[in-house]
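Engineer: please find the sequence and the predicted model below.
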Amino acid sequence: MNIRDFEIFKTIAECGSFSRASEKLFIAQPSLSKTIQKLEKKLGVILFDRSNRIFRLTDEGQLVYEKAIAMLQQMNELQIELDDTNTHIRGHLKIGLPQVIGTFFFSKVAKVFTKKYPDVTLEIIEEGGLHVEKLVEKGEVDAAFVVIPAQSRELEEKLIFEAPFVACLPKNHPLKDEQQLSLEQLKEDNWILFDSSFALSQVILESCRKEHFVPKIAYSTTQWDLLMTLVRDELGVAIIPSPLTEMYREDICVKSISSQYIPWKIGIVVKKNRYKTRALKAFVNIVLDIYSEDQK
């Protein structure tokens, strides 16, 4: 019984069949079957229910699968730590970037980091904010830029930037001459929101609930520039972080919100209690250095 046996067992369980696992591992099915039989004999349990056409784990198999995941993750982290014992910083980092946040925050960080640490490669994982949080939590992404507070308690977060939300209206909107607006003044309008996978969407809906209404959503999108174009073309109103309006201020009306302060808080998150490579520590420090200077 060795680590490779558990890697094979995990792959078979996740593929749902010996044939698919055989294709993935490039190992013949008879060899896979022999490995599982040996593992079952050593553990004294049956791992897979083969009594009918449905291929599934037994109760004991499910327990072994869960333990195998934890064990293999620990072995992977051990290898990372061993590889990280020299003083020269190198490696590969996966950075989660929600589309909107990435546009405003990643380029400056990447330029400074790559110049200082040329032997560390950065891989961008583009997903909605709520999804990249999950990827960090599962250890599939090393760090991510997200709206904070994060939804997951498994994440360690550090604030790097804050700006207010503002109201965006078409040029000829009836409230175009108002200096400030409450959200309630827009409750009869059609609203354009970010996609529900964006943490921004949750912030906006919660802010409307505080003023006792649910917005009438006409469109939702993952693209902030499309959202601004829809407002410009009189298809609805939107509540967005003020930095996103800079390129469109000549085409729309931008109003501050008087009824409440809605902050756009951006942070960098990593998984709590997970080993942090020198490369990851260096990346986080670069981010904090850049944005602590910007906020002064």
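Structural biologist: Arrived safely, thanks for sending. Numbers count the residues shown, from 1 in each chain.
Engineer: where do the strands of the stretch 51-200 of the chain begin and end?
Structural biologist: 56-57, 91-97, 120-126, 143-147, 155-170, 180-181, 190-194 (DSSP state E, counting those that start in this stretch).
Engineer: quick one, the second one and strand 120-126 angle?
Structural biologist: With axes from the mean of the first three to the mean of the last three CA atoms, to 10 degrees as the criterion, the two stretches strand 91-97 and strand 120-126 enclose an angle of 30 degrees.
Engineer: for strand 91-97, which positions count as buried?
Structural biologist: Buried residues in strand 91-97, defined by neighbour count with 16 or more other CB atoms under 10 Å: 91, 93-97. The way it works is simple: take the backbone N, C-alpha and C, and place the C-beta from them, glycine included.
Engineer: adjacent strands (with direction) for that strand?
Structural biologist: strand 120-126 (parallel), strand 143-147 (parallel) (DSSP bridges).
Engineer: so residue 120 sits against residue 281, correct?
Structural biologist: No. In this structure residue 120 lies outside contact range of residue 281 using CB atoms under 8 Å: 11.2 Å.
Engineer: neighbour count winner among the two?
Structural biologist: residue 120 (19 against 13; other CB atoms under 10 Å).
Engineer: that one pairs with what?
Structural biologist: residue 91.
Engineer: dump the residue contacts of it.
Structural biologist: Counting by CB atoms under 8 Å, 6 or more residues apart in numbering, residue 120 touches 89-93, 113-114, 279, 282-283.
Engineer: do that again at 7 Å, thanks
Structural biologist: 89-91, 93, 279 (CB atoms under 7 Å, 6 or more residues apart in numbering).
Engineer: can you tell me which of those residues comes closest to residue 250?
Structural biologist: residue 93 (38.6 Å; CB to CB).
Engineer: got the contact list for that closest one?
Structural biologist: Taking CB under 7 Å, 6+ apart, one finds 120, 122-123, 142, 279-280, 283 in contact with residue 93.
Engineer: select only the buried ones of these in ChimeraX?
Structural biologist: The ChimeraX selection below is limited to those of the contacts of residue 93 classed as buried (16+ other CB under 10 Å):
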select :120,122,142,279,280,283
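Engineer: what is the burial count for the closest residue to residue 271 other than its chain neighbours?
Structural biologist: Excluding the flanking residues, the one nearest residue 271 by CB to CB, 6 or more residues apart in numbering is residue 136, at 5.6 Å. The local packing of residue 136 (other CB under 10 Å) involves 27 other residues.
Engineer: then the one 10 residues further on?
Structural biologist: Summarising burial for residue 146: neighbours were counted as other CB under 10 Å, giving 27.
Engineer: looks like it contacts residue 199 (just checking).
Structural biologist: Yes. Counting by CB atoms under 7 Å, residue 199 is a contact partner of residue 146 at 6.4 Å.
Engineer: just the angle between the biggest helix by length in the chain and strand 91-97, please?
Structural biologist: Across the chain, the longest stretch assigned as helix under DSSP state H is helix 59-83. Helix 59-83 and strand 91-97 are oriented at 120 degrees to each other (the same axes, to 10 degrees).
Engineer: buried ones in helix 59-83?
Structural biologist: 61, 64-65, 68.
Engineer: mind putting the residues you listed into a markdown table with pLDDT?
Structural biologist: Shown next, in a markdown table, are these (pLDDT from 0 to 100):
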| residue | pLDDT |
| --- | --- |
| 61 | 89 |
| 64 | 91 |
| 65 | 92 |
| 68 | 89 |
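Engineer: those into JSON lines, with extra columns for distance to residue 18?
Structural biologist: Listed next are the buried residues of helix 59-83 as JSON lines, based on distance: CB to CB, whole Å:
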{"residue": "61", "distance to residue 18": "14"}
{"residue": "64", "distance to residue 18": "17"}
{"residue": "65", "distance to residue 18": "15"}
{"residue": "68", "distance to residue 18": "17"}
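Engineer: from those, pick the one nearest residue 156.
Structural biologist: residue 68 (26.7 Å).
Engineer: which element is the residue nearest to the closest one when sequence neighbours are not counted on?
Structural biologist: Closest residue in space to residue 68, ignoring its immediate chain neighbours: residue 6 at 4.4 Å, by CB to CB, 6+ apart. With elements taken from DSSP states H and E, the one containing residue 6 is helix 3-15.
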